[in-house]
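Asker: any chance you could fold what I've pasted below:
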Amino acid sequence: MQFSENRNRTRWIIIITSFVIVLLILWNTYSFFQIFKNEERVKMQNWALAQKKIMTDDLNADLELPLAIIQNPRIPIIKTENDSIIDTKNIEADIKIDKKKLYAKLQKLKNQNEPIIMKISDGITHKLYYGDSSLLNKLKYYPVALLLIIFLFGAVVYNFYKSTKMATQNKLWAGMAKETAHQIGTPLSSLIGWLEIMKADNVDETTITEIEKDINRLQTITERFSKIGSEPVLENKDIVEETKESFEYLKSRFSKQVEFSFSAPNKPLMVSLNSALHSWTIENLMKNAIDAMKGRGKLKIWIENDGQNVKINIKDSGKGIPKNQFKRVFEPGFTTKKRGWGLGLSLTKRIAEEYHNGKIKVLKSEINLGTTMQIIYKKAK
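Answerer: Predicted coordinates:
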């Protein structure tokens with residue numbers, strides 16, 4: 001427990017520290033942006049002063065410095081007098097020759113920065129509109145790129161952490177399942193021995209038959225658990241017969257208050273599947289349906305053949321599932337029962353989709369009217 005608390009505390013410290021670092025980087029970037037922007041305004045003010053000196057001083061004045069200042073090739077500039085454009089600098093040629101585009105560019109510059117006022121003489125005032133330099137424009141996208149990189153990095157770390165956690169859990173569950181199969185094996189062997197003794201003592205044949213069915217069932221369960229964590233062997237089987245066998249077994253062992261019905265095509269439908277795991281799928285869905293009905297209601301299974309696929313439908317008259325939980329019911333740990341680990345449907349989904357390359361979904365459900373689950377398998381060629 002102490003180790004788990006320390007690990008969680010360390011994880012939160014790392015997350016908070018990373019968040020603080022990101023904020024510092026973004027704040028620092030914003031500060032740089034403002035510094036560059038202010039520096040560019042100072043440059044433009046100097047540029048305006050240089051322009052004013054050139055326009056107002058006599059030709060004998062020293063114009064070397066003003067001429068040097070106005071040589072700025074990076075910042076787009078438009079100068080106006082009484083809202084009419086009188087001069088431009090660093091504006092694209094195709095815009096300069098098109099009056100409509102040029103005034104659109106002027107409007108864009110007005111939105112970027114406040115103009116610099118140049119009072120040339122009494123009654124003559126020029127306004128200097130300027131845009132952001134290419135360097136400043138590139139810097140605008142730096143925080144966005146930084147956030148995107150951090151987001152992608154976070155997603156990679158999260159997926160790595162999640163996959164590692166799932167792999168650890170899978171190993172744990174597989175190990176527990178195999179150990180369970182191993183533990184069941186010892187008393188099962190003993191039961192088989194006692195069954196042979198009962199046969200030798202001429203015990204009632206009906207009793208022996210029922211006990212034999214349950215022993216076979218225990219062997220099937222042992223086989224199921226032993227297959228967890230390993231690749232199952234798939235064989236072409238008649239899915240109608242395989243499903244009906246599991247249906248009949250559970251039907252005989254549940255209350256008569258549940259009305260069972262089964263329907264399927266009269267011809268075999270061959271599907272590549274593992275018998276032990278398929279029967280586990282059907283049993284999980286049937287038990288789930290009976291739990292939803294609280295042991296009383298109607299349970300119907302029917303199999304459809306649409307040409308390329310086989311569809312197994314399991315319908316109950318239970319309490320139903322809200323639409324926003326159609327996908328959540330297959331998540332590990334999700335359960336609406338007071339008791340239970342929420343692993344039944346998760347395991348069923350894994351068997352159907354990962355082991356048999358099929359699909360399973362909540363086909364239809366209405367509150368207090370029941371639920372229909374559907375498994376879809378491709379027919380064997």
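Asker: how is this structure divided into domains?
Answerer: Residue ranges for each domain of the chain read 2-140, 160-230, 232-378, as given by automatic domain parsing.
Asker: which residues touch the spatially most central residue of the chain?
Answerer: With distances taken as CA atoms, centre = their mean, residue 159 lies nearest the centre of the chain, 9.9 Å away. Contacts for residue 159 (CB atoms under 8 Å, 6 or more residues apart in numbering) come out as none. For the C-beta atoms, the positions are set from N, CA and C on the backbone; glycine is no exception.
Asker: the helix or strand where it lies: what's the following helix or strand?
Answerer: Per DSSP states H and E: residue 159 is located in helix 142-200. Using DSSP H and E, the helix or strand that follows helix 142-200 towards the C-terminus is helix 205-227.
Asker: residue 190: what's it in contact with?
Answerer: Counted by CB under 8 Å, 6+ apart, residue 190 has zero contacts.
Asker: next: residue 211.
Answerer: Contacts for residue 211 (CB under 8 Å, 6+ apart) come out as 195, 198.
Asker: got it, and residue 282?
Answerer: Going by CB under 8 Å, 6+ apart, residue 282 touches 243, 246, 247, 301, 312, 314.
Asker: so is residue 237 in a helix, a strand, or just coil?
Answerer: strand (DSSP: H, G, I helix; E, B strand; the rest coil).
Asker: tally of neighbours for the residue lying closest to it once chain neighbours are set aside?
Answerer: Nearest non-adjacent residue to residue 237, counting by CB to CB, 6 or more residues apart in numbering: residue 273, 5.5 Å away. Number of residues near residue 273 (other CB atoms under 10 Å) recorded here: 27.
Asker: from residue 201, how far off is the residue nearest to residue 90 when sequence neighbours are not counted?
Answerer: Spatial nearest neighbour of residue 90, excluding adjacent residues (CB to CB, 6+ apart): residue 76 at 4.7 Å. Residue 76 sits 105 Å away from residue 201, going by CB to CB, to the nearest Å.
Asker: the two: who's more crowded?
Answerer: Shown here are residue 76 and residue 201; by other CB under 10 Å, residue 76 has more neighbours (20 against 7).
Asker: OK, contacts around that one?
Answerer: 89, 90, 91, 105, 109, 130, 131.
Asker: on that earlier part again, any chance of the contacts of residue 282 in CSV, plus secondary structure, pLDDT and neighbour count?
Answerer: CSV is the format used below for those (DSSP: H, G, I helix; E, B strand; the rest coil; pLDDT from 0 to 100; neighbours: other CB atoms under 10 Å):
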residue, secondary structure, pLDDT, neighbour count
243, helix, 94, 25
246, helix, 89, 20
247, helix, 92, 21
301, strand, 96, 23
312, strand, 96, 26
314, strand, 95, 23
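Asker: nearest to residue 220 among those?
Answerer: residue 246 (9.6 Å; CB to CB).
Asker: for the protein, name the helix or strand with the lowest mean pLDDT.
Answerer: Using mean pLDDT, DSSP states H and E, helix 64-69 stands out as the lowest-scoring helix or strand of the chain, at a mean of 50.
Asker: gap between whichever helix or strand comes after that helix and the chain center?
Answerer: Using DSSP H and E, the helix or strand that follows helix 64-69 towards the C-terminus is strand 77-81. Taking the mean of its C-alpha atoms, strand 77-81 sits 53 Å from the chain's own mean (CA atoms, centre = their mean, to the nearest Å).
Asker: can you list contacts of strand 77-81?
Answerer: Contacts to strand 77-81, defined as CB under 8 Å, 6+ apart, come from residues 44, 47, 51, 85-91, 102, 105-106, 109, 118, 124-131.
Asker: just the buried ones from the residues you listed, in PyMOL syntax?
Answerer: Selection of buried members from the contacts of strand 77-81 for PyMOL, criterion 16 or more other CB atoms under 10 Å:
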select buried, resi 44+47+51+85+88+89+91+102+105+106+109+118+126+127+128+129+130+131
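Asker: next step: the contacts of strand 77-81 restricted to strands.
Answerer: The members of these that map onto strands under DSSP state E are 85-89, 118, 124-130.
Asker: residue 326 reaches residue 362, doesn't it?
Answerer: Yes - at 4.3 Å, residue 326 counts as touching residue 362 under the criterion of CB atoms under 8 Å.
Asker: which one of the two is surrounded by more residues?
Answerer: Per other CB under 10 Å, whichever of residue 326 and residue 362 has more neighbours is residue 362, with 18 against 15.
Asker: that one pairs with what?
Answerer: For residue 362, the beta-bridge partners are residue 373 (DSSP bridges).
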